[in-house]
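J.: Fold the following for me, if possible:
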Amino acid sequence: MSTQPAVVNFSSSPMSVELREVPIPEIGDEDCLMQVAAVGVCGSDLHQWAGVHSWPVNYPVTLGHEFAGRIVRTGARVKEFREGDRVCSETAAIIDPQSPMTRIGRYNLDPNRKGFGYGTDGAMTRFVKVPARCLHRVPDQLPLRLAALTEPCCVAFSAVVTNVSILPGDRVAVLGPGPIGLLCGAIARLRGAEVAVVGLPQDQVRLELARKLGCTPLFNEQLKAWATERDGLGCEGVIDAAGVSATLKTAMDVVRPAGWISKVGWGRDPLGFSIDPLVQKNITLQGSFSHTWAIWERVLLLLASRAIDVSTIVGGTWGIEAWHDAFETMHSGKIAKAVLEVHPEIAG
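T.: Presented below is the predicted three-dimensional model:
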């Protein structure tokens, strides 16, 4: 059986990730085998690497759920794709087709859903098996190395467009200048909002990227003044894209009465504060998870037209053998986003 190198998370203990040889997968009748061009490193990959994640993982598992590439083989019942097609993939690798959520088109919320990189093998390898229903064609003008980042753009689109309402002129604060926070800021700007992206002094590099995306970079201690400078009541909305639980208190503090909070960042720690302001200020608290087919199609159009310039957040590319350097560099905060170019000859 042919094998390939893969970045494998083999235990819940910290730093339990290594490059291993794994079999090249066999595909089923409704699957495609994709040659991976590029795969983005997500904050959740770093959380699994560091052993600080809050979701179940099917160990050992190949990491990587942000990816694009080229189809090299199709299953017997796959009619909509052919060998050579340039594609990117959604993350819902395993779903229950009979789930009530799946049947109404909300398969991203199917309780039985399992994603690439934690529930089943992901794309930090050379070839990955993907159900054909997960695939989207990549427009010709969009390089595959950027199409690999469609997934985090879809996460941001869900948090900013699908799940909340932003009007032109609204003031929106984004907590956390990681890749999702930066993309949330960029999309909120597309909706006509005045946006601040908020971080810590060690986030200076990422806050400068926020400025390039048309947002106002702020440190935490500057947020209250910015949020209240119009009429003293706070900003219309807050997108909590930080990876900690405590930022929800900040969000409740700075949002105006009858405002909204879109919670897209994971935080495993219990809350150590009252959420009574949620009641007193009549705040809408909206969770935002994953995405659907229609969101992917819309985001691919935005990426192809450069309405979203995802290249702004990419701080460097590495080969798969240098995965550890990519993880360390992104984890250090020196860059916002690392990308592994697995087959640079097709990544574009």
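J.: what does the domain assignment say about the chain?
T.: The chain resolves into domains spanning 3-151+291-347, 164-287 when parsed by automatic domain parsing.
J.: Just put those domains in TSV and tack on mean neighbour count and mean pLDDT.
T.: All C-beta atoms are positioned from the backbone trio N, CA, C, and that covers glycine. What follows is the domains of the chain, written out as TSV (neighbours: other C-beta atoms under 10 Å; pLDDT from 0 to 100):
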stretch	mean neighbour count	mean pLDDT
domain 3-151+291-347	19	97
domain 164-287	19	97
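J.: any chance of the ones you listed in TSV, plus distance to Phe157?
T.: Formatted as TSV, these follow (distance: least, C-beta to C-beta, whole Å):
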stretch	distance to Phe157
domain 3-151+291-347	5
domain 164-287	6
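J.: for the stretch 1-150 of the chain, what spans make up the strands?
T.: Secondary structure of the stretch 1-150 of the chain (DSSP state E, counting those that start in this stretch): strands at 3-9, 17-23, 31-40, 61-62, 66-74, 86-89, 127-131, 135-137.
J.: List the contacts of Ala148.
T.: Shown in contact with Ala148 (C-beta atoms under 8 Å, 6 or more residues apart in numbering): 37-40, 66-68, 88, 339.
J.: and the gap between it and Pro97?
T.: According to C-beta to C-beta, to the nearest Å, Ala148 and Pro97 sit 27 Å apart.
J.: again, but for Arg211
T.: In this view, Arg211 and Pro97 are 45 Å apart by C-beta to C-beta.
J.: residue nearest the centroid of this structure?
T.: Centrality entry for the chain: nearest residue to the mean C-alpha point is Pro152, 2.8 Å, by C-alpha atoms, centre = their mean.
J.: That one: what secondary structure?
T.: Three-state call for Pro152 (DSSP: H, G, I helix; E, B strand; the rest coil): helix.
J.: Surely Leu182 is in a strand?
T.: No: using three-state DSSP, the assignment for Leu182 is helix, not a strand.
J.: mind starting the numbering at 3 from now?
T.: In the new numbering, first residue 3, that becomes Leu184.
J.: Quick check, it in contact with Val316.
T.: No: between Leu184 and Val316 there is no contact under C-beta atoms under 8 Å: 10.9 Å.
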